[in-house]
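J.: everything below, folded, please.
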Amino acid sequence: MEGIKNLSIVVPAYKQQKTIKRDIKVLKKVLKRIGIPYEIIVVVDGRLDKTYERASRMRSKTVRVLGYRENKGKGYAVQYGASKTRGDVIGFIDSGMDIDPNGISMLLHHMVWYDADIIVGSKLHPVSQVHYPLQRRILSWGYRRIIRLFFGLTVRDTQAGLKLFKRKVVNDVFPRLLVKTFAFDIEVLSVAHRLGYSRIFDAPIKLNFDPLNTSLTSRKVLKQVYYMFRDTVAVFYRLKIIRYYDKKLKYYKKL
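T.: Model (predicted):
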């Protein structure tokens, strides 16, 4: 694909022992078909089951498996994996593959077409194919209203687990990030926009939500909503009030 020399895809994985080998196989097949030199960085976010052991069996020239013992959150896993990448375009896709990885090709085309800094997979794109529970649709609708009010981002869906970034965005933005769990996506997009990376566009995805990939009860969902709102307010405070992210990069620690 013109203009893209190497592609790195980070796969954050938490308690995915049942699907991780399948996920890696499917992703390798998709990326090989795209035809760009690639690497897959699997980051096991806490060795709480056999995800790390099973993923490690899939190591190859194009697949690296990283991990640590304590669960630290998806945001941390993505940042940690991104810090180990070599590609000039870096992306991440959630393990479990609720989002069809074939959509990566479409995101790459959008990145070239728009000369984008960031391409965001979007459930709300007009041609996206989405099977998503009503409860999550309602929560997403409410969260989108908050995001638009707080940050003024033009992309309609900030939370889908498939995004691509140019290398310069990762190098400049990721070391500044503080959110390790629930509001990572909105932090990375809002900070990137703040630093002048305004060429952020959405692209269609195919999503088939599998309830077996999550063990969330109604109580846990409400707890997540609380923490996401708390973290989102914290990002707003750092971004708009104290302007924490505007500091020179030398003040930030690398993972």
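J.: now the helices: where do they sit in the chain?
T.: Under the criterion DSSP state H, the chain contains helices at 20-34, 51-56, 74-82, 103-114, 134-151, 167-173, 184-194, 218-236.
J.: contacts for stretch 230-239 next, please.
T.: Residues from elsewhere that reach stretch 230-239, judged by C-beta atoms under 8 Å, 6 or more residues apart in numbering: 143, 146-147, 150-151, 178-179, 181-183, 186-187, 190-191, 194, 244-245. C-beta here means a position set from N, CA and C on the backbone, and glycine is covered the same way.
J.: just the buried ones from those?
T.: For these, a burial check counting by 16 or more other C-beta atoms under 10 Å picks out 143, 147, 150-151, 178-179, 181-183, 186-187, 190-191, 194, 244-245.
J.: pick out the most distant pair among those.
T.: 143 and 244 (22.3 Å; C-beta to C-beta).
J.: for the protein, which residues score under the pLDDT cut-off?
T.: Along the chain, segments meeting pLDDT under 70 span 133-136, 139, 210-218, 221, 250-255.
J.: can we see that at 50?
T.: 215 (pLDDT under 50).
J.: who are the contact partners of residue 36?
T.: 1, 4-7, 108.
J.: okay, buried residues for stretch 196-213 please.
T.: Of all the residues in stretch 196-213, those buried under the rule 16+ other C-beta under 10 Å are 197, 199-207, 213.
J.: need those in CSV (columns: distance to residue 103).
T.: Below are those laid out as CSV (distance: C-beta to C-beta, whole Å):
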residue, distance to residue 103
197, 22
199, 20
200, 17
201, 14
202, 12
203, 7
204, 7
205, 5
206, 6
207, 9
213, 17
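J.: between those residues, which is nearest residue 60?
T.: residue 213 (24.5 Å).
J.: from residue 188, how far out is the closest residue to residue 106 other than its chain neighbours?
T.: The shortest distance from residue 106 to any non-neighbouring residue, by C-beta to C-beta, 6 or more residues apart in numbering, is to residue 203 (5.4 Å). From residue 203 across to residue 188, the span is 17 Å (C-beta to C-beta, to the nearest Å).
J.: also residue 126?
T.: 24 Å.
J.: who has more neighbours, those two?
T.: Neighbour tally, residue 126 and residue 188, criterion other C-beta atoms under 10 Å: the higher count belongs to residue 188, 26 against 7.
J.: return the distance of the more buried one relative to residue 208.
T.: For residue 188, the distance to residue 208 - C-beta to C-beta - is 25 Å.
J.: for residue 149, same thing?
T.: Residue 149 is 30 Å from residue 208, by C-beta to C-beta.
J.: only alpha carbons, please: show stretch 55-71 as CSV.
T.: The C-alpha coordinates for stretch 55-71 follow below in CSV (Å, rounded to 0.1, in the frame of the first residue of the first chain):
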residue,chain,number,x,y,z
ALA,A,55,-0.1,-17.1,22.9
SER,A,56,3.6,-18.0,23.4
ARG,A,57,3.2,-21.1,21.3
MET,A,58,2.3,-18.8,18.4
ARG,A,59,5.6,-16.9,18.4
SER,A,60,7.2,-16.5,15.0
LYS,A,61,9.2,-14.0,13.0
THR,A,62,6.0,-11.8,12.7
VAL,A,63,4.5,-12.5,16.2
ARG,A,64,6.0,-11.3,19.5
VAL,A,65,4.3,-12.1,22.8
LEU,A,66,4.9,-9.8,25.8
GLY,A,67,3.3,-9.8,29.2
TYR,A,68,3.5,-9.1,32.9
ARG,A,69,2.0,-10.6,36.0
GLU,A,70,-0.5,-8.0,37.3
ASN,A,71,-3.5,-6.8,35.3
